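Chemist: Sequence and predicted structure below; questions after.
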Amino acid sequence: MRRNGARRDAILAALATGETDVDGLAARFGVSPSTIRRDLQHLSARRAIARTYGGAILAPAAEEQSLLAREGINRAAKAAIAAAALALVAEGETLILDGGSTVEAFGRLLRGRRHRVITNNLALIPMLADAPGIELLVLGGAVRPISMSTAGPLAEAALRCLTADRLLTSADGLAPGLGLCEATLEQVSLKSLMMRRAAAVTVLADASKLGRTGQPCWAPLPARWTLVTDAPAEVAEGFAAEGARVVVARVLAE
């Protein structure tokens, strides 16, 4: 199972570079074309790829959901992931909090703690602006109404003046060998800079995000990072094989 999962993750990476032919993939991975076809069928069922005549391509970009819509999806999982992530964070750390509903769930837990928080997540401003013990620094820039976050050169210019102990981020999708995917280059440019400005990178991603490749823009992950997820450990084994520390959150029934 581990070997199959690792090969399928590598197939996703190969498709991202433009290799789409079954015979070429079979030769590359040293397996039969029928094995590659089974792998492609599995990836297609996950909606990670689209089958073509004689091969496959990465699935076309999915429609981006609004923050309001995402807040209502997998709420129990996001709450569990946020709580598990909080247990990794020491009091007094300087944190970069990225946009997204799972990071928003984490931010809700910071009231009553002592942190400097650097964020482009506009939903966190009313939550943390008056919280005792929280020093809030907001990254200005172009506002993306669909995600209620900022991005662009102004946000990046501000971030270059700062460093942090830890980044907590999420994404539209997450795949071994590729990293984190988002809808726009501006998002992944800021996300990549956030990774460079933080000493540690923690990705908060519920099970639906793992293996999802529906958006076209990618931010590679560092050599060492932490994944906090509700997915079983075997589902996240491709990330662990690449050096990620995987923390599995326990989800309580809603």
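Modeler: Right, received. Where do you want to start?

Chemist: My guess is V22 contacts L40. True?
Modeler: Yes - at 7.3 Å, V22 and L40 qualify as touching, with contact defined as CB atoms under 8 Å. In short, each C-beta sits where N, CA and C put it, glycine included.

Chemist: Low-confidence bits of the stretch 1-150 of the chain, can you list those?
Modeler: Residue ranges of the stretch 1-150 of the chain with pLDDT under 70: 1-6, 16-20, 45-73.

Chemist: As a check, name the ranges of all helices in it.
Modeler: Per DSSP state H, counting those that start in this stretch, the stretch 1-150 of the chain carries helices over the ranges 2-16, 22-29, 33-45, 67-71, 75-86, 101-107, 125-128.

Chemist: Return the most buried member of those helices.
Modeler: helix 101-107 (a mean of 26; mean count of other CB atoms under 10 Å).

Chemist: what packs against that helix?
Modeler: Where contact means 3 or more CB pairs under 8 Å, 6 or more residues apart in numbering; DSSP states H and E, helix 101-107 is packed against helix 67-71, helix 75-86, strand 94-97, strand 164-169, strand 198-204.

Chemist: which ones are touching G92?
Modeler: Each residue near G92 by CB atoms under 8 Å, 6 or more residues apart in numbering is listed here: 114-115.

Chemist: Distance of it relative to E135?
Modeler: Using CB to CB, to the nearest Å, G92 is found at 11 Å from E135.

Chemist: any common contacting residues for the two?
Modeler: Joint contacts of G92 and E135 (CB under 8 Å, 6+ apart) are H115.

Chemist: re the thing from before, figure out which of the helices of the stretch 1-150 of the chain is closest to V188.
Modeler: helix 2-16 (13.6 Å; CB to CB).

Chemist: With distance to S149 as extra columns, can I get the helices and strands packed on helix 101-107 in a markdown table?
Modeler: Output for those, formatted as a markdown table (distance: least, CB to CB, whole Å):
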| stretch | distance to S149 |
| --- | --- |
| helix 67-71 | 8 |
| helix 75-86 | 16 |
| strand 94-97 | 10 |
| strand 164-169 | 11 |
| strand 198-204 | 15 |
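
Chemist: Can you check which of those gets nearest to A231?
Modeler: helix 75-86 (9.1 Å).

Chemist: so that closest one versus strand 198-204, what angle?
Modeler: Taking axes from the mean of the first three to the mean of the last three CA atoms, to 10 degrees, helix 75-86 and strand 198-204 form an angle of 160 degrees between their directions.
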